[in-house]
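Trainee: missing the sequence, but the structure's below:
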Ligand code: LRH
Ligand code: MN
Ligand code: MN
């Protein structure tokens, strides 16, 4: 077994980003449920995100989604974040909610719509400049519903053109992460359906373009840890949108559906040298039926637990067993780490960091939830499903 001090030191440096939209009301296309105390504007979303950091100590940034988090003065929003002890993280673009985008955004056959979409993406880089964010996250809902509806290759050309224009606009310390998704909302063909497509576009563009893996965006049974290992090996893994899924893009709390998969992913991250600030651990979740801040705290803890287990793997012993072709031995070494209860170690670590050992209980006892329920009336929606 590995030295606990070494593991704790590594865990102390972990950073997990929470998404502004996790704090708003959300639901499915059937119903958006409202909850009491939900933020009424981006300022309040950031205040809530700050609570997650306050109790976990490892969630110091919050991602914005534009236009869901549109404000007059982004520098002021960044200031507000800093006042609350957090910072603005990735800027998520949104070219999927206008009527204009019915047939696509940057891949739309109409050049006017393509220009409009590109302008939005460029505006997101302006917002990065204003907030100090270094990461732009690009997800395109673009695709077609019917065979023959549009030309697959022409759409790839249009996509490449838009990505090149955004890449060109990036500052020296800025990057974009291209997100892929198998399907939805397009049901026949999606323009960036998989890691291979995202990877190929990013490779063409250069080092400031990387792939982001949203764990809910794959076909059932996909070996996500393989994708992680491959992308890391190529220097093209930019980060994660973490969530859990049972069926499709369920956006449930990360680690709730398949904690073993999360561990396997984190092991490949650690193994591949991806454990550090260059690979962003972001959450992309909605809490449709559970309380939101507590749901985020639980999610951050789930990622932290999986990370602790991944760090626990005795990699020297594993490599030796692998070299000897000891199938059962190698598997047992990995499973030993996974089956270790790391909660006492994490409680100890939190105390060393000046935090309460149980963030969920500490948040409950803080009375913050009761306070926002009393103070806030008419919370906003996370963004979609209106
Ligand atoms: C698309 C997605 C993408 C969006 C977010 C709200 O399904 O994962 O990351 O920006 O959901
Ligand atoms: Mn996502
Ligand atoms: Mn998604």
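Mentor: Sure thing, it's come through. Worth saying up front: this structure is predicted, and the values here are computed from it rather than measured. Numbers count the residues shown, from 1 in each chain. Ligands and ions are numbered 1, 2, ... in the order given.
Trainee: so which residues on the stretch 101-250 of the chain come close to ligand 1?
Mentor: Within reach of ligand 1 by Cβ under 6 Å from any ligand atom, the stretch 101-250 of the chain has these residues: 139, 179, 181, 214, 241, 249. Backbone N, C-alpha and C define where each C-beta goes, glycine included.
Trainee: go again with 5 Å.
Mentor: The stretch 101-250 of the chain comes close to ligand 1 at residues 139, 214, as judged by Cβ under 5 Å from any ligand atom.
Trainee: could I get the full set of strands for the stretch 101-250 of the chain?
Mentor: Under the criterion DSSP state E, counting those that start in this stretch, the stretch 101-250 of the chain carries strands at the ranges 135-139, 143-144, 175-179, 189-190, 209-214, 237-242.
Trainee: reformat those as a markdown table; add mean pLDDT.
Mentor: As requested, these are exported to a markdown table (pLDDT from 0 to 100):
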| stretch | mean pLDDT |
| --- | --- |
| strand 135-139 | 99 |
| strand 143-144 | 99 |
| strand 175-179 | 99 |
| strand 189-190 | 98 |
| strand 209-214 | 99 |
| strand 237-242 | 98 |
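Trainee: just name the most buried of the ones you listed.
Mentor: Stretch with highest mean neighbour count among the strands of the stretch 101-250 of the chain: strand 237-242 (a mean of 27; mean count of other Cβ atoms under 10 Å).
Trainee: helices or strands up against that strand?
Mentor: Contact analysis of strand 237-242 by 3 or more Cβ pairs under 8 Å, 6 or more residues apart in numbering; DSSP states H and E lists strand 135-139, strand 175-179, strand 209-214, strand 280-283 as its packing neighbours.
Trainee: can you redo the ones you listed as a markdown table with distance to residue 157?
Mentor: What follows is those, written out as a markdown table (distance: least, Cβ to Cβ, whole Å):
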| stretch | distance to residue 157 |
| --- | --- |
| strand 135-139 | 17 |
| strand 175-179 | 16 |
| strand 209-214 | 17 |
| strand 280-283 | 29 |
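Trainee: looking at those strands, which is nearest to ligand 2?
Mentor: strand 209-214 (3.7 Å; Cβ to the ion).
Trainee: on contacts alone, who are the packing partners of that closest one?
Mentor: Identification of packing neighbours for strand 209-214 by 3+ Cβ pairs under 8 Å, 6+ apart yields strand 175-179, helix 195-205, helix 224-233, strand 237-242.
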